[in-house]
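Build me a structure from this.
(2 chains)
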2 protein chains.
Amino acid sequence: MKKAVALLGGPVQLWPKDLKDRILVAKKNNDLIFASDRGSQFLLDMGIVPEVAIGDFDSLKKGELAQLEEYEIDFRYSHPEKDYTDSEQLFKVAFEEYNVDQLDIYGATGGRLDHFLLNIFTFSKSELKKYCEKIRYIDCQNIIMYILPGVKKFQAVAGYNYFAVGNLTAVDDLNISGAKYELKNYSSANPFVFSSNEFVGLQPIVVSLQSGEGIIIYSKDINRFYTAKKPRI
Amino acid sequence: MKKAVALLGGPVQLWPKDLKDRILVAKKNNDLIFASDRGSQFLLDMGIVPEVAIGDFDSLKKGELAQLEEYEIDFRYSHPEKDYTDSEQLFKVAFEEYNVDQLDIYGATGGRLDHFLLNIFTFSKSELKKYCEKIRYIDCQNIIMYILPGVKKFQAVAGYNYFAVGNLTAVDDLNISGAKYELKNYSSANPFVFSSNEFVGLQPIVVSLQSGEGIIIYSKDINRFYTAKKPRI
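Sure thing, here's the model as predicted:
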């Protein structure tokens, strides 16, 4: 079981608070560390050297790039006008060259929403779709996973109150059972998310679909994001 | 031309910095102000009373709800176990009862990504799809719009360097012309985003599609989101 962690270039404010510790633990367990573009600099700023760094590095200053090149890193340079995004190239290298079995991806959410939606949709592209069940996008309040046709059980994750199931592509016969809100035989040509579902005690939630691609989102509220500005009227 | 503004319950940190001024200007122009759930309280905290407030108000404390009820607001109470989300109900009321022609929606991005994706996908649902070209989702670094089949011209917006075009549903014959990167006759059953495109001088970008639903994202980078944590190695 080859595990890996990847850091992309999304907003620092949305990382899980213990991201550095998570990556240090991964490093200690000999998991691979991947970084794309600005993610490489973020890792170096944490004192962590990635094994693989991918990007055109156009968001780095020249001195920062020179600093990166001093380390033993498998560099992959991309070009600004290319067919694949940096993230797609990173995922292809991870799964096709490094044979990664499980990839946790940080820095993929928020900020520029063209980037975020592209990250989400990347695993709907035919080339990468087959790896979609091996990845998790993780930020400070969400864990995003994918499901392909079949039946899958999901366990509650401590601290995450909400569980959502959606479809990114046309979907046939999507079912949710064992949850607070059940869903039976849902089919649609349009994308949708059944949000704010919940686990019932320790019972797993079972999700199944006949065709298409599903998305699973564990989420929680974070109070500091909803502190309204004073003064009151 | 009946204009309106809506504030949903997403993270305060992602609002445009001048949101209060924007809403005050809207109010002065007699545009309608809509709020859903936590958005109502946010408005009151800014000293602004919405015309229409929709939600189950389950995120408000009892005192806050009582405070809201003192004002002349068209309240619509939803129920926690319902077929429509608060946002969907708000959009239906805006377009079907108040006959709004143009709706700018704030507080719809970030935070819980099941909510964000649901907001994005809400305008792919058959009932609301016909209104999708009348709305814009706006946060501090993105403006999201939709396009239905046909040809549309987009002008550069000051401060937004990037222009992205994507498809949320299956799409036929998507074209982008007049931009830095052109796209011809793109068809796909899977969602995708062509990100990081750019305007060329003052030339408009022309987007067309034969069938399906497109999404348009104007975006910019915000430096404070990419300040890496010290110390360096």
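
Tell me, how many residues neighbour residue A:20?
Residue A:20: 17 surrounding residues under other Cβ atoms under 10 Å in any protein chain shown. All C-beta atoms are positioned from the backbone trio N, CA, C, and that covers glycine.

same thing with the one 5 residues further on?
Residue A:25 is surrounded by 12 other residues when neighbours are defined as other Cβ under 10 Å.

Which of the helices or strands spans residue A:76?
Element membership for residue A:76, per DSSP states H and E: strand A:74-77.

Average pLDDT for that strand, rounded please.
The average of the pLDDT scores along strand A:74-77 is 89.

And the contacts of that strand?
With Cβ atoms under 8 Å, 6 or more residues apart in numbering or on different chains as the test, strand A:74-77 has contacts from A:51-57, A:68-69, A:89-90, A:93.

export those residues to CSV and tack on pLDDT?
Output for the contacts of strand A:74-77, formatted as CSV (pLDDT from 0 to 100):
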residue, pLDDT
A:51, 94
A:52, 95
A:53, 93
A:54, 90
A:55, 82
A:56, 76
A:57, 72
A:68, 76
A:69, 81
A:89, 90
A:90, 92
A:93, 94
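
Make a PyMOL selection of whichever of the residues you listed turn out to be buried.
This is how PyMOL selects the buried members of the contacts of strand A:74-77, with burial counted by 16 or more other Cβ atoms under 10 Å in any protein chain shown:
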select buried, chain A and resi 51+52+53+54+55+57+68+89+90+93
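
Now distance to residue A:9 and secondary structure too, for the contacts of strand A:74-77, in CSV please.
Converted to CSV, the contacts of strand A:74-77 look like this (distance: Cβ to Cβ, whole Å; DSSP: H, G, I helix; E, B strand; the rest coil):
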residue, distance to residue A:9, secondary structure
A:51, 18, coil
A:52, 15, strand
A:53, 12, strand
A:54, 11, strand
A:55, 8, strand
A:56, 11, coil
A:57, 11, coil
A:68, 14, helix
A:69, 18, helix
A:89, 13, helix
A:90, 11, helix
A:93, 16, helix
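
Now render the contacts of strand A:74-77 as TSV, adding distance to residue A:169.
Shown next, in TSV, are these (distance: Cβ to Cβ, whole Å):
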residue	distance to residue A:169
A:51	33
A:52	29
A:53	31
A:54	26
A:55	28
A:56	29
A:57	33
A:68	37
A:69	40
A:89	23
A:90	23
A:93	25
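
hmm, whatever helix or strand residue A:145 lives in in reach of chain B?
Element membership of residue A:145, judged by DSSP H and E, is strand A:142-147. Yes - contact of strand A:142-147 with chain B (Cβ under 8 Å from any Cβ of the partner chain) involves A:142, A:144.

what packs against the very next helix or strand once past that strand?
Counting by DSSP H and E, the next helix or strand C-terminal to strand A:142-147 is strand A:150-154. Contact here means 3 or more Cβ pairs under 8 Å, 6 or more residues apart in numbering or on different chains; DSSP states H and E; on that basis strand A:150-154 packs against strand A:205-209.

What strands line up against the strand holding residue A:145, and which way round?
Sheet neighbours of strand A:142-147, with direction, are listed as strand A:135-138 (antiparallel), strand A:214-219 (antiparallel) (DSSP bridges).

Tell me, how many residues neighbour residue A:18?
Neighbours around residue A:18, by other Cβ under 10 Å: 11.

do residue A:108 as well
Residue A:108, neighbours per other Cβ under 10 Å, totals 27.

Now it: phi and psi?
Backbone dihedrals for residue A:108, given as degrees, to the nearest 10, come out at phi -110, psi -10.

so who does it touch?
By Cβ under 8 Å, 6+ apart, residue A:108 lies in contact with A:8, A:10, A:87, A:116, A:119, A:137, A:139.

ok but the fifth one is inside a helix, no?
Okay, so that is residue A:119. Yes - assessed with DSSP: H, G, I helix; E, B strand; the rest coil, residue A:119 lies in a helix.

How about the least confident helix or strand in chain A by mean pLDDT, which residues are buried there?
Of all helical and strand segments in chain A, the minimum by mean pLDDT, DSSP states H and E falls on helix A:62-69, at a mean of 77. Residues A:64, A:67-68 are the ones in helix A:62-69 that count as buried (16+ other Cβ under 10 Å).

who touches that helix?
By Cβ under 8 Å, 6+ apart, helix A:62-69 touches A:40-41, A:44, A:53, A:57, A:60, A:75.

Which pLDDT value belongs to the most centrally placed residue in chain A?
Nearest to the mean C-alpha position of chain A, counting by Cα atoms, centre = their mean, stands residue A:137 at 1.5 Å. If you check residue A:137, the pLDDT there is 98.

which ones are touching it?
Residue A:137 neighbours (Cβ under 8 Å, 6+ apart): A:105, A:108-109, A:119-120, A:143-144.
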